[in-house]
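> Just a sequence and a predicted model for now, questions to come.
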2 protein chains.
Amino acid sequence: MFTLVGIGLGDASDITMKGMNAVKEADIVFLEAYTSFLINNNAEELAGIYGKPVIIADREMVESGVVLDNAKVKKVVLLVVGDVFGATTHSDLIVRCNEQGIESKVVHNASIINAVGCCGLQLYRFGQVISLCFWTETWRPDSWYERLRSNRAAGIHTLVLLDIKVKEISDENLARGRKIYEPPRYMSIKQAVEQILEVEGYKQGGAVAADGSTFAVGVARVGSASQQVVAGTMKDLLSVDFGAPLHSLVIAGDVHECELEHVNLFWMTKQ
Amino acid sequence: MFTLVGIGLGDASDITMKGMNAVKEADIVFLEAYTSFLINNNAEELAGIYGKPVIIADREMVESGVVLDNAKVKKVVLLVVGDVFGATTHSDLIVRCNEQGIESKVVHNASIINAVGCCGLQLYRFGQVISLCFWTETWRPDSWYERLRSNRAAGIHTLVLLDIKVKEISDENLARGRKIYEPPRYMSIKQAVEQILEVEGYKQGGAVAADGSTFAVGVARVGSASQQVVAGTMKDLLSVDFGAPLHSLVIAGDVHECELEHVNLFWMTKQ
């Protein structure tokens, strides 16, 4: 039996009662720790709260089949930060359960995709999500630009998800066969705004105003006690200290009157 | 103190530990019962599980200010099915708390907007959500058509939310000043497909194939034990009995290979 349990965004208490029941009944509990991370608790703290060991499952462990091999004979829970279907890798696990005749279940939870509603812009007025990656000298993906331009042209908002690099190996170490992991990196709202403005600078498609005057909302640590939401122009947001990860960004489309009242609570000059 | 608590989609056990703590500490607990409904439990059952009374709050009660008047002097929790910012009315409560100097908090949970990932199509490939309403003889809104057409032209998926009519008064009773409520109505996937094909029939904009051959996924009671997911052409879905509410529909855009494996689990001919 394999159960994917979303544990939400903030801390250990964001698990649902249903999720907690699955953890209590489980023989083995893994925590997926490469597509996101829980803001205010680590695996040891979760283990303390759940009263049983929580094993960190990195990409290698999940993709090698260790998790599902266990699920053939035991009750296995895989904890996933946010909701369970935020990353392709989790869908893949459900498909493989089906192929291998392993019973599977899902316990949903909040995801940044819905919790971003806390910024005051209405969820039904968001277009397709985009994701920014850390650029390297040789790899500077900007294929998200057209989606941002399209959303903005339609007057709708864009949730921008920011890169997380966990357990990455540098090109140099990879070339030398050294399994040395780089420190984790989390893209900041400032880095995201800079990257978007740089791409606008050379694409000149008008996805956002090149001078940074487009309205945006930065959200940090959504769902946790230290949640921070600041609205302002993209340029304004460059100077805001959003603190510890995770950060996300919303590039606003047209802001309706009913949204304005709510988003105004977070207007930069009021901070 | 005012706390908006999302209670998720399935049953009483979908509340988070954080949400349950807020309920335990609350002086008064309301259940918002006009923008959605919890699939497998009613207010009395929630009260039994929470160990304290749960008061049904209809639109009149929320909008009249009764809820927030209490929050000025007491710890008030308003339970909301799904996540808290799915409906404008909840954003409005947070704005009013701010105006009236009432401290407010939010406890997030799953929403159909992220839980629909269970259908196998990837969340980052969804465009703007659309909502269908029950038509009357004189009111047949179809402004969603252009958004559906735009999503489909971009090759992305569209989550279609279906109308809920709770505590509605018929035009006749309204005209006669009689406060008699109609039985609740929940739009079915069949009704939604019929409405979309009817609008395609007279708009002829190619948002979907007029013959009903566009690929779609129907999802019913997402997050509950009786969840049902069926994929097929729109025409195929007309003949599927999806059972009790709530129903939602996904009109697929281009389906990527990694999505296909997952969504194939729900293919109609396999049911």
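Looks like it arrived, so ask away.

> In contact with residue A:266: list those residues for me.
Going by Cβ atoms under 8 Å, 6 or more residues apart in numbering or on different chains, residue A:266 touches A:119-120, A:217, A:229-231. For glycine as for every other residue, the C-beta is placed from the backbone atoms N, C-alpha and C.

> for residue A:137, same thing?
Contacts of residue A:137 by Cβ under 8 Å, 6+ apart: none found.

> Now do the SS call for it.
Secondary structure, DSSP: H, G, I helix; E, B strand; the rest coil: residue A:137 is coil.

> What of residue A:191?
helix.

> next one: residue A:101
Criterion first, three-state DSSP; result for residue A:101: coil.

> quick one on the thing from earlier: quick one: which of the contacts of residue A:266 is nearest chain B?
The closest of the contacts of residue A:266 to chain B turns out to be residue A:120 (Cβ to the nearest Cβ; 6.5 Å).

> Please list all residues in contact with the closest one.
Contacts for residue A:120 (Cβ under 8 Å, 6+ apart) come out as A:217, A:229, A:231, A:259, A:261-266, B:91.

> hmm, the host helix or strand of residue A:45 touching chain B?
Element membership of residue A:45, judged by DSSP states H and E, is helix A:43-50. No: using Cβ under 8 Å from any Cβ of the partner chain, helix A:43-50 stays clear of chain B, coming no nearer than 8.9 Å.

> mean confidence score for that helix?
In this model, helix A:43-50 carries a mean pLDDT of 90.

> got the CA positions of that helix in PDB?
Output in PDB follows, covering the C-alpha atoms of helix A:43-50 (Å, rounded to 0.1, in the frame of the first residue of the first chain):
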ATOM      1  CA  ALA A  43      12.500  15.600   9.000                       C
ATOM      2  CA  GLU A  44      13.700  15.100  12.600                       C
ATOM      3  CA  GLU A  45      11.100  17.500  13.900                       C
ATOM      4  CA  LEU A  46       8.400  15.800  11.900                       C
ATOM      5  CA  ALA A  47       9.500  12.400  13.300                       C
ATOM      6  CA  GLY A  48       9.200  13.800  16.800                       C
ATOM      7  CA  ILE A  49       5.700  15.100  16.200                       C
ATOM      8  CA  TYR A  50       4.500  12.000  14.300                       C
END
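
> Just give me how far whichever helix or strand comes after that helix sits from the chain centre.
Using DSSP H and E, the helix or strand that follows helix A:43-50 in sequence is strand A:55-57. Its chain's C-alpha centre and that of strand A:55-57 lie 18 Å apart, by Cα atoms, centre = their mean, to the nearest Å.

> Can you mark which positions in strand A:55-57 are buried?
A:55, A:57 (16 or more other Cβ atoms under 10 Å in any protein chain shown).

> re the thing from before, which pair of the contacts of residue A:266 spans the longest distance?
Farthest apart among the contacts of residue A:266 by Cβ to Cβ are A:120 and A:230. That separation is 11.4 Å.

> which residues are in contact with both of those two?
In contact with both residue A:120 and residue A:230: A:217, A:266, using Cβ under 8 Å, 6+ apart.

> Among the contacts of residue A:120, which ones are in strands?
A:217, A:229, A:231 (DSSP state E).

> Residue A:96: which element?
Residue A:96 belongs to helix A:88-99, assigned by DSSP H and E.

> Following element in sequence after that helix, please.
strand A:104-107.

> Pairing partners for that next one, with directions?
Looking at strand A:104-107 with DSSP bridges, its partner strands are strand A:2-6 (parallel).

> From residue A:23, how far off is residue A:54?
According to Cβ to Cβ, to the nearest Å, residue A:54 stands 9 Å off from residue A:23.

> which residues do the two both contact?
Joint contacts of residue A:54 and residue A:23 (Cβ under 8 Å, 6+ apart) are A:29, A:79.

> measure the one residue in the stretch 101-250 of chain A that gets nearest to chain B to residue B:162 for me?
The nearest approach of the stretch 101-250 of chain A to chain B comes at residue A:117, 2.8 Å away (Cβ to the nearest Cβ). Distance of residue A:117 to residue B:162, given as Cβ to Cβ: 20 Å.

> Which one's more surrounded, the two?
Between residue A:117 and residue B:162, counted using other Cβ atoms under 10 Å in any protein chain shown, residue A:117 has the larger neighbour count: 26 against 20.

> what's the burial count for the closest residue to the more buried one other than its chain neighbours?
Leaving aside its sequence neighbours, residue A:117 sits nearest to residue B:85 (Cβ to Cβ, 6 or more residues apart in numbering or on different chains; 2.8 Å). Neighbour count for residue B:85, taken as other Cβ under 10 Å: 27.

> ok now do residue B:85, which residues does it touch?
A:114-115, A:117-118, A:122-123, B:91, B:106.

> Which members of those residues occur in strands, if any?
Applying DSSP E to those, the entries found in strands are residue B:106.

> Thank you kindly, that will do.
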